[in-house]
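Trainee: Here's my sequence, what's the structure:
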Amino acid sequence: MSFFPSIFWIFFDKVFLILLSTFSFFIFAIYLEPSELGKGVMFIAIPGLIAGLFSGMIESPLVSKDIIEDGEYSTVLWFSAILSIVLFIFVIVIGYVLLENENDLFLLGIATSTIIFILISRPFLAKLRRDNNFKSIALRAFLGKCIGFIGGVSLAIKGYGELSIVIQFVLQEFVSLCVMAFTMRSIISFSFSSKLLSNTLRMGRYLSISALSNSVMNNGLPLVLGTVSGTESVGLFNFSNRIVALPRDAIFNGINSYALPSFARVQSDIMVLEKKFSDSNRLSSLLVFPVFSGLAITAPLIINTIFGDKWTDSIIYLQYLALIAIVRSLYLFHSSLFLVLKIPNIITKKELFSSIIGLSLVFLFGRDYGPGAGVLATGFYTFTCFLWNISAIKKAISYPTTKFIGDIFPAFCLSITMVFVVYWVENSLFYFDNNIKLIMSILSGIIVYSIGILFFENKRVGPIFRRRCKK
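Mentor: Predicted structure coming up:
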């Protein structure tokens, strides 16, 4: 698939569909209390934590291999099915022992079923990514999100609370798997090779450690925070984090979906790979910096105008998380590059260490600081991972610190300028209501930043964009 069609379907999958997620999130924020939102998030975090450990081990090796042998997809598929069923039974047994409330056990059973759907879908998704079939990736996500949206939102409006969160999550994963299994029946066969499985798992074991560190922070954090501080703290933190995650995941996942195959195609020429890595950092910073610096400065207006007083306490957490997302973007492409260079384990242990320390911070400070402890842990994990990645990249390729600073400096300067302009606009419109202020703030930020790109970065960004368009 050529550049423009690939980018379109990546945009459709990761950006356009975010509007649907935003709408459902808006409805949940209106109809659910923070405690209900927090409880629902805790239940879906359990399968997310477990499936996240094994997803990278299964999918990423299939994507990055030079050649896929006959029967390899089906081998991994049956392994995923058996593993997921074992994990599902294990979680249910643990829940039966620990949970006294039958409703909670019922919610756990429904939520945990997604372990099966997520793991079985990995071989299908790996083949689509290898084939650059971003259209099919987008369409299966579209159907899953639409049906999940209908089910979850309907339950939220009818007052089913945390059940609506769980049902939306389950329907999304189930429908997505059904669509891929129906359209890719060719990889469903009864062939199984222990040798092929061993090779795949050997390559993926370090990737599973890296995935575990991310899964611990994304899914383990709500569980620990809820244990020490209660479901309301989880709800406030998740609300803030979700507002940041909607654009962050759309941008980061969309870019990385194209980055890994793109890096893999030029992995034999290290100089071309280094150039592409540098260009990618420069372009991504120009996209990411204004989005999240703008989100941080307009957070009070966004919360007070759109969501109301119920979520006012989340403003400060939202601002810090938006700034943390900028730091995260500084090592956006590093994992893809390490995977292509066959050194995926270069920082995995350090990332896992950072995630464990991060969860320890939540455990220590969660009772006193509530959602703030989650923000602290997220910031610690992100900043330390940034240091690990910067240190590792110097060992992998020739990418000096001065070159790195040069790649992100234009976006930093333009974003700072945009923030000052937006701040001035917000504080100058005394006689307008918050709706007008929010609209004018966003428009002024877009105009100022676009003018900056046009006058100061056109000569550098233009050639990069044109080179990519030819591919």
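Trainee: residues in contact with stretch 403-420?
Mentor: Contact with stretch 403-420 is made by 278, 281-282, 285-286, 288-290, 293-294, 296-297, 330, 390, 445, 448-449, 452-453, 456-457, 460, as judged by C-beta atoms under 8 Å, 6 or more residues apart in numbering. (C-beta placed from N, C-alpha, C; glycine too.)
Trainee: Now it: buried residues?
Mentor: 404, 407-408, 410-411, 414-415, 417-419 (16 or more other C-beta atoms under 10 Å).
Trainee: Which of those residues fall in strands?
Mentor: Using DSSP state E, the subset of those located in strands is empty.
Trainee: Inside helices: which ones of those?
Mentor: Using DSSP state H, the members of the buried residues of stretch 403-420 that fall within helices are 404, 407-408, 410-411, 414-415, 417-419.
Trainee: Start and end of stretch 59-76, how far apart?
Mentor: End-to-end distance for stretch 59-76: 9 Å, by C-alpha to C-alpha, to the nearest Å.
Trainee: Export the buried residues of stretch 403-420 to TSV and append columns for distance to Leu20 and pLDDT.
Mentor: Formatted as TSV, the buried residues of stretch 403-420 follow (distance: C-beta to C-beta, whole Å; pLDDT from 0 to 100):
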residue	distance to Leu20	pLDDT
Phe404	36	87
Asp407	33	86
Ile408	31	89
Pro410	33	88
Ala411	29	89
Leu414	30	91
Ser415	28	92
Thr417	33	92
Met418	28	92
Val419	29	92
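Trainee: per-domain residue ranges of the protein.
Mentor: The record assigns the chain these domain ranges, following automatic domain parsing: 1-192, 229-471.
Trainee: Any idea which of those domains has the lowest pLDDT on average?
Mentor: Note on those: lowest mean pLDDT is at domain 1-192, with a mean of 81.
Trainee: roughly how far out does that domain sit from the chain middle?
Mentor: 13 Å (C-alpha atoms, centre = their mean, to the nearest Å).
Trainee: cool, stretch 347-367 as well?
Mentor: Here the centre of stretch 347-367 is set off from its chain's centre by 19 Å, with C-alpha atoms, centre = their mean.
Trainee: How about residues contacting that stretch?
Mentor: Against stretch 347-367 from outside (C-beta under 8 Å, 6+ apart): 206-207, 209-210, 212-214, 216-217, 220-221, 224-225, 228-229, 233, 338, 372-374, 376-378, 380-381, 384-385, 388-389, 391-392.
Trainee: Quick one: buried ones out of these?
Mentor: Buried among the contacts of stretch 347-367 by 16+ other C-beta under 10 Å: 206-207, 209-210, 212-214, 216-217, 220-221, 224-225, 228-229, 233, 338, 372-374, 376-378, 380-381, 384-385, 388-389, 392.
Trainee: Tell me both backbone torsions, phi and psi, for Tyr160.
Mentor: Main-chain torsions, Tyr160, degrees, to the nearest 10: phi -90, psi 0.
Trainee: Pull the contacting residues for the nearest residue to Leu260 once chain neighbours are set aside.
Mentor: Of all residues not flanking Leu260 in the chain, Ser336 sits nearest, at 4.4 Å (C-beta to C-beta, 6 or more residues apart in numbering). Listed by C-beta under 8 Å, 6+ apart, the contact set of Ser336 reads 256, 259-260, 263.
Trainee: just Phe26 next, same as before
Mentor: 306-307.
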